[in-house]
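J.: What would the 3D arrangement of this be:
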Amino acid sequence: MQYPAGLRAVLRKTGIIAHRKALTNPGSIRAVAQEPWVDLDDAAAFRDWSDDHLVAHNQINRQTEKYRFYVNTFDFLRENRIRGDYHEFGCHRGRTFRMALTEARRHEMAGMRFLAFDSFQGLPASSSAPAQESWRQPGVLKTSEEDFLALVRDHGIYVDRVRTVPGFYDRSLTAALQREFLAQGAMISLACVDCDLYESAVPVFNFIEPLLQEGSVIYIDDLFAGYKGSPAKGVARAFLEFQSRTSWHFVRHLDIGWWGRSYIAYSGNALKGVL
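T.: Numbering: from 1, shown residues only. A predicted model of the protein is given here:
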């Protein structure tokens, strides 16, 4: 659960301050000749630039974009009285999961439970040939269940409302678990689908279908990642196939960086297949 040594050094030296600034002041503007100019890095800033700096820069940008999404989406859920649970499919490092806990507390989402679905063994073997080379290696992107729960406890928000569901999705997302949630009236308010692979996403969409409600938000984290942006592959393909067979309709909601997008579920007669 550690960043590479080089990235840790960069984050320790400059990244933490940059991250905090990015969260509170995403664009720095300065006055030039009485006009607003974006304050850009110049040649001097890139004098010692390295791959580690690039990784740190991208990580800060991506996590900032995701956090913006959680801030805005919990505002949407609260404003529209969409009560239900948070489901996250793919919980490596617990970063987005903690964002959900924080914004749920800020927006006083009374009664919301937080379900963490993950193998806690890393990615399964894939036959869908993702372009992302690391995704082809079974066991990568692993955070153990013990380490994940330690992160949740350290965060300290709604710890007693968190439940882990360990296992690969073709085995852990059972009809019995569906029936348990339905019997409790435990519908989905927000689902984060961050499982990277086509093979993983198919059972996720099948599982959540009866748990959706009018206004449920689905955040697909890797819609344009891992398969060169192709909608015929990966999680995008699984979502399009799901839309072709479900009675739910989906309206495009928010873009999250270049890689992700969220959708709102609704019922009624309308065109389907939005992406």
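
J.: Just say helix, strand or coil for the nearest residue to Leu149 once chain neighbours are set aside.
T.: Distances taken as C-beta to C-beta, 6 or more residues apart in numbering put Thr164 closest to Leu149, at 6.8 Å, once the chain neighbours are dropped. Glycine gets a C-beta too; all of them are placed from N, C-alpha and C. Here Thr164 is recorded as strand under DSSP: H, G, I helix; E, B strand; the rest coil.

J.: so what pLDDT did Thr164 get?
T.: Note for Thr164: predicted pLDDT of 97.

J.: Tell me which residues touch it, please.
T.: Thr164 makes contacts with 115-118, 120, 145, 148-149, as judged by C-beta atoms under 8 Å, 6 or more residues apart in numbering.

J.: In the chain, what residue spans correspond to helices?
T.: Ranges of helices within the chain are 5-10, 16-24, 51-79, 95-106, 145-155, 169-172, 175-183, 198-208, 234-245, based on DSSP state H.

J.: Tell me the residue in the protein that is farthest from the middle.
T.: Using C-alpha atoms, centre = their mean, the residue of the chain lying farthest from its centre is Ala33. It sits 41.4 Å away.

J.: where does that residue sit relative to Leu254, distance-wise?
T.: 35 Å (C-beta to C-beta, to the nearest Å).

J.: can you check Ile188 too?
T.: Relative to Leu254, and taking C-beta to C-beta, Ile188 is found at 17 Å.

J.: which of these two has more neighbours?
T.: Neighbours per residue (other C-beta atoms under 10 Å) separate Ile188 from Leu254, with Ile188 holding more: 23 against 17.

J.: In contact with that one, which residues?
T.: 84-87, 208, 211-213, 216.

J.: got it, and Ser144?
T.: Residues counted as contacts of Ser144 (C-beta under 8 Å, 6+ apart) are Phe120.

J.: so what's the backbone phi/psi at it?
T.: Reported as degrees, to the nearest 10, the phi and psi values for Ser144 are phi -70, psi 160.

J.: That one and His92, how far apart?
T.: 10 Å.

J.: What of Leu240?
T.: 25 Å.

J.: one step back: want to try CSV for the contacts of Thr164, with distance to Lys228, neighbour count and pLDDT as columns?
T.: Below are those laid out as CSV (distance: C-beta to C-beta, whole Å; neighbours: other C-beta atoms under 10 Å; pLDDT from 0 to 100):
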residue, distance to Lys228, neighbour count, pLDDT
Leu115, 31, 21, 98
Ala116, 29, 23, 97
Phe117, 27, 28, 97
Asp118, 26, 28, 94
Phe120, 29, 21, 89
Glu145, 32, 16, 94
Phe148, 30, 22, 94
Leu149, 35, 16, 96
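
J.: burial measure for the closest residue to Gly167 other than its chain neighbours, as a count.
T.: Once flanking residues are discounted, Gly167 sits nearest to Ser119: 6.1 Å by C-beta to C-beta, 6+ apart. By other C-beta under 10 Å, the residues close to Ser119 number 22.

J.: ok, now which ones touch Ser119?
T.: Contact analysis of Ser119 by C-beta under 8 Å, 6+ apart lists 166-169, 172.

J.: And Thr24, what's its pLDDT?
T.: Looking at Thr24, its pLDDT stands at 40.

J.: any idea how far Arg252 is from Glu108?
T.: 28 Å.

J.: Oops, could you answer that again for Gly215 instead?
T.: Using C-beta to C-beta, one gets 18 Å for the distance from Gly215 to Glu108.

J.: Compare those two (neighbour count), which wins?
T.: Between Gly215 and Glu108, Gly215 has the larger neighbour count (other C-beta under 10 Å), namely 19 against 9.
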